[in-house]
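Trainee: kindly generate the corresponding structure for this input.
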Amino acid sequence: MKQIVGLFPELLGVGGVQEAGRQTAAALLGIANRHSWSASFLTLNDPSGEQSFQAGEKQVSLRGFGRSKIRFGLAAVGAARSSDDDRANLVVASHPHLALPAALMRLVSPRLRLLVMSHGVEVWKPLAAIRRAALLRADIALAPSSDTAEKLHRVQGVPQRRIRKLAWPVDPKMLKMSDAPTALRLPQAFPQGQVILTVGRWAASERYKGTDELIKALAQLSATAQGLHLVAVGGGDDLPRLKRLASDRGVADRVHFFEGISREELGACYAQCDVFALPSTGEGFGLVFLEAMAFGKPVIAAGVGGATDLIEDQVNGLLVTPGDFQGLAQAMARLLREEPLRSRLGRRGAEIVRRKYEFATFQAGLESVLCECGLDSSGGA
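Mentor: Numbers count the residues shown, from 1 in each chain. Coordinates of the predicted model:
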């Protein structure tokens with residue numbers, strides 16, 4: 001029996017990397033089951049022991065290591081030692097930082113094939129020498145966007161012939177919720193009036209998300225848009241500073257932060273908002289854009305990074321100059337003022353998501369990449 005071993009930073013937490021990991025694990029499990037292969041998933045940062053999560057109709061099992069790099073690495077090497085060289089085996093490292101334990105696995109079992117996935121900002125600067133060397137040993141490096149693929153080649157030195165692009169999918173559960181939005185319940189204290197929604201992790205290390213610019217833009221519009229509110233969904237250690245910024249700009253009563261809400265409540269926020277905006281300068285992809293588009297909402301993004309793969313200016317959203325809060329305010333005002341434009345961009349976004357970013361499309365693309373790695377249904381690696 002052929003074997004897939006998936007190495008993940010975390011599968012049970014909140015965030016784009018975690019969500020992309022969950023969809024990847026679910027896809028790998030579906031592919032393995034269809035071909036009667038085995039699949040096992042090890043996660044560095046999830047609680048120790050056997051865990052699981054629900055992905056669609058699948059229950060995906062994993063083994064967490066409670067942030068113990070030593071135990072995680074030993075388990076990965078142990079999985080390689082237990083492999084049979086007569087089988088075609090594959091290790092999928094779902095983050096470039098996990099290419100190192102994956103490369104160690106191949107030292108133990110030289111026939112192992114290695115697929116390394118990247119997300120975005122982590123490959124925008126040269127990796128540490130040992131991590132970069134491990135990444136360069138990958139048979140295939142996978143990127144979710146053209147920008148990340150370009151950074152893998154130009155910054156990390158991965159040969160273009162080894163790079164493949166495969167966009168992450170929208171969460172099937174979120175897509176299902178978008179088909180019946182009236183059944184969703186909003187979180188308490190969700191504001192009345194026109195709403196700009198943003199979703200992310202508000203960490204001091206990730207101020208590139210653009211929440212500062214959104215607050216400044218809201219303050220600029222507040223004099224002429226009396227019923228306008230900004231809803232920011234997500235948590236992080238930068239929240240106190242952002243709340244102070246809203247207060248300093250005189251819009252504390254118009255900026256609403258929601259932490260720890262359920263996926264259903266998040267879906268309700270997408271359904272209720274008028275515009276989704278995330279003017280981030282550091283997105284390697286941007287799953288939240290797809291979620292907003294699934295609900296038929298126009299999106300505003302900075303014209304940089306992976307967002308430019310997802311958003312075409314004047315087609316399904318508006319692209320603004322990175323860091324220009326005045327340009328951002330103008331884009332927000334335009335969408336809030338022109339309902340026909342909002343509707344047209346939103347409809348087009350919903351069509352694009354269902355045509356290009358459904359889970360089945362991602363799973364088929366991933367299976368094709370696995371076959372390129374040598375793990376196919378007919379022979380060995």
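Trainee: as a check, name the ranges of all helices in the stretch 201-350 of the chain.
Mentor: Secondary structure of the stretch 201-350 of the chain (DSSP state H, counting those that start in this stretch): helices at 211-221, 239-248, 263-272, 287-294, 307-310, 325-337, 339-356.
Trainee: tally of neighbours for Q194?
Mentor: For Q194, the count of nearby residues is 17 (other Cβ atoms under 10 Å). Heads up, the C-betas are built off the backbone N, CA and C, glycines and all.
Trainee: phi, psi of it?
Mentor: Dihedral pair for Q194: phi -80, psi 140, per degrees, to the nearest 10.
Trainee: domain ranges for this structure?
Mentor: Structurally, the chain divides into domains by automatic domain parsing as follows: 3-169+358-372, 172-356.
Trainee: let me have the ones you listed in a markdown table, adding mean pLDDT as columns.
Mentor: Formatted as a markdown table, the domains of the chain follow (pLDDT from 0 to 100):
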| stretch | mean pLDDT |
| --- | --- |
| domain 3-169+358-372 | 93 |
| domain 172-356 | 95 |
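Trainee: strands along this protein, start to end?
Mentor: Counting by DSSP state E, the chain has these strands, from start to end: 3-8, 38-43, 49-55, 58-64, 89-93, 113-117, 140-143, 163-165, 194-199, 228-233, 255-258, 275-278, 299-302, 317-320.
Trainee: partner strands of the first one and their direction?
Mentor: Pointing back at strand 3-8 there. Applying DSSP bridges to the sheet, strand 3-8 is found paired with strand 38-43 (parallel), strand 89-93 (parallel).
Trainee: just name the most buried of these.
Mentor: strand 89-93 (a mean of 28; mean count of other Cβ atoms under 10 Å).
Trainee: what distance separates that strand from the centre of its chain?
Mentor: The chain centroid and the centroid of strand 89-93 are separated by 20 Å under Cα atoms, centre = their mean, to the nearest Å.
Trainee: turn the helices of the stretch 201-350 of the chain into CSV, including distance to Q363 and mean neighbour count.
Mentor: Below are the helices of the stretch 201-350 of the chain laid out as CSV (distance: least, Cβ to Cβ, whole Å; neighbours: other Cβ atoms under 10 Å):
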stretch, distance to Q363, mean neighbour count
helix 211-221, 33, 23
helix 239-248, 36, 15
helix 263-272, 21, 20
helix 287-294, 16, 27
helix 307-310, 19, 22
helix 325-337, 34, 20
helix 339-356, 14, 17
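Trainee: out of the ones you listed, which gets nearest to G15?
Mentor: Checking the helices of the stretch 201-350 of the chain against G15 by Cβ to Cβ gives helix 287-294 as the closest, at 9.4 Å.
Trainee: contacts for the closest one, please.
Mentor: Contact with helix 287-294 is made by 16, 19-20, 168-171, 174-175, 178, 197, 199-200, 266, 270, 273, 276, 278, 299, 301, 307, 310-311, 316-317, 346, 349-350, 352-354, 357, as judged by Cβ atoms under 8 Å, 6 or more residues apart in numbering.
Trainee: now do stretch 110-118
Mentor: Here stretch 110-118 makes contact (Cβ under 8 Å, 6+ apart) with 24, 80, 83, 85, 88-96, 98-99, 102-103, 105-106, 135, 137-144, 148, 151-152, 284, 369-370, 373-375, 381.
Trainee: can you tell me which of the residues you listed are in helices?
Mentor: For the contacts of stretch 110-118, the ones inside helices are 24, 80, 99, 102-103, 105-106, 135, 148, 151-152, 369-370, with DSSP state H as the criterion.
Trainee: would TSV of the residues you listed with distance to L74 and neighbour count be doable?
Mentor: Below are these laid out as TSV (distance: Cβ to Cβ, whole Å; neighbours: other Cβ atoms under 10 Å):
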residue	distance to L74	neighbour count
T24	23	25
A80	11	23
A99	17	28
A102	14	25
A103	15	22
M105	11	24
R106	16	19
L135	21	26
T148	30	27
K151	31	23
L152	29	25
V369	28	18
L370	26	26
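Trainee: which of these sits closest to G64?
Mentor: Of all the ones in helices among the contacts of stretch 110-118, T24 has the smallest distance to G64: 16.4 Å, by Cβ to Cβ.
Trainee: ok, the closest one to A143 distance?
Mentor: In this view, T24 and A143 are 13 Å apart by Cβ to Cβ, to the nearest Å.
Trainee: before we move on, what about H119?
Mentor: Distance, H119 to A143, by Cβ to Cβ: 9 Å.
Trainee: with neighbour numbers in mind, choose between these two.
Mentor: Counted by other Cβ under 10 Å, H119 and A143 do not tie: A143 has more neighbours, with 27 against 24.
Trainee: ok, the more buried one touching Q160?
Mentor: No: A143 lies out of contact with Q160 (Cβ atoms under 8 Å); the separation is 11.1 Å.
Trainee: anything in contact with each of H119 and A143?
Mentor: By the contact definition Cβ under 8 Å, 6+ apart, H119 and A143 are jointly contacted by G284.
Trainee: quick one: residues contacting N45.
Mentor: P9, E10, G13, G64, F65, G66, R67.
Trainee: just the buried ones among the residues you listed, please.
Mentor: Buried subset of the contacts of N45 (neighbour count, 16 or more other Cβ atoms under 10 Å): P9, E10, G64, F65.
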